[in-house]
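Student: Provided below for reference: sequence and predicted model.
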Amino acid sequence: MGKDGDPVDDSGKGFITAIGSKDETEPVLRDLASDGPLGEMAKQFWSTRIPPTVPVRNPKPDSPKTEPHWLVSSHHLPSDGHPSIVVQDSQGHELGRLPDYSGGAEALGRVLRREPKQAPSTELEIIVAIISAAVLFWPRPH
């Protein structure tokens with residue numbers, strides 16, 4: 001809620017996802033919630049922690065006892081870091097990732113400061129980009 005009691009539009013917030021155990025992801029979430037520069041940048045994002053795997057319900061004797069968390073598998077998120085950290089815009093497009101948190105808040109801050117890549121969003125923009133490139137580089141008679 002805003003200061004005047006009206007709902008705040010936070011639909012433009014991106015996502016910071018730390019994938020790992022509670023002990024592995026705790027430093028990441030603590031730094032994101034801090035009052036420092038990283039905490040200020042993190043206000044533009046939703047922050048969450050997810051485990052890389054979850055227990056399998058009623059596993060068969062020969063089958064694995066765990067499986068990838070559904071968010072990890074459905075969004076093709078990395079789970080090999082300890083922790084893996086993924087930064088996405090509000091549409092779910094990846095802005096950056098860290099394979100681990102060895103660089104600490106400074107490394108995550110560099111990822112958060114990156115400007116998102118602007119990709120064409122509609123078929124019309126793609127067609128205009130192709131035609132513009134063709135016109136620009138088309139051989140001209142001398």
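Tutor: On my side now, so go ahead.
Student: alpha carbons only for contacts and neighbour counts from here, please
Tutor: Will do.
Student: any chance you could map the strands in this protein?
Tutor: Here the chain has its strands, by DSSP state E, at 14-19, 45-50, 53-55, 66-68, 84-88, 94-98.
Student: which of the ones you listed sits most buried?
Tutor: Comparing the strands of the chain by mean neighbour count (mean count of other Cα atoms under 10 Å), strand 14-19 ranks first with a mean of 26.
Student: Return the list of helices and strands in contact with that strand.
Tutor: helix 22-32, strand 45-50, strand 84-88 (3 or more Cα pairs under 8 Å, 6 or more residues apart in numbering; DSSP states H and E).
Student: Switch these over to JSON lines, and while doing so, append mean pLDDT and distance to Ser63 to every line.
Tutor: Shown next, in JSON lines, are the helices and strands packed on strand 14-19 (pLDDT from 0 to 100; distance: least, Cα to Cα, whole Å):
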{"stretch": "helix 22-32", "mean pLDDT": "93", "distance to Ser63": "25"}
{"stretch": "strand 45-50", "mean pLDDT": "88", "distance to Ser63": "23"}
{"stretch": "strand 84-88", "mean pLDDT": "91", "distance to Ser63": "26"}
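Student: Include distance to Asp100 when you put the ones you listed into TSV, please.
Tutor: Formatted as TSV, those follow (distance: least, Cα to Cα, whole Å):
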stretch	distance to Asp100
helix 22-32	9
strand 45-50	14
strand 84-88	5
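Student: for the ones you listed, which one sits closest to His76?
Tutor: Nearest of the helices and strands packed on strand 14-19 to His76, taken as Cα to Cα: strand 84-88 at 10.7 Å.
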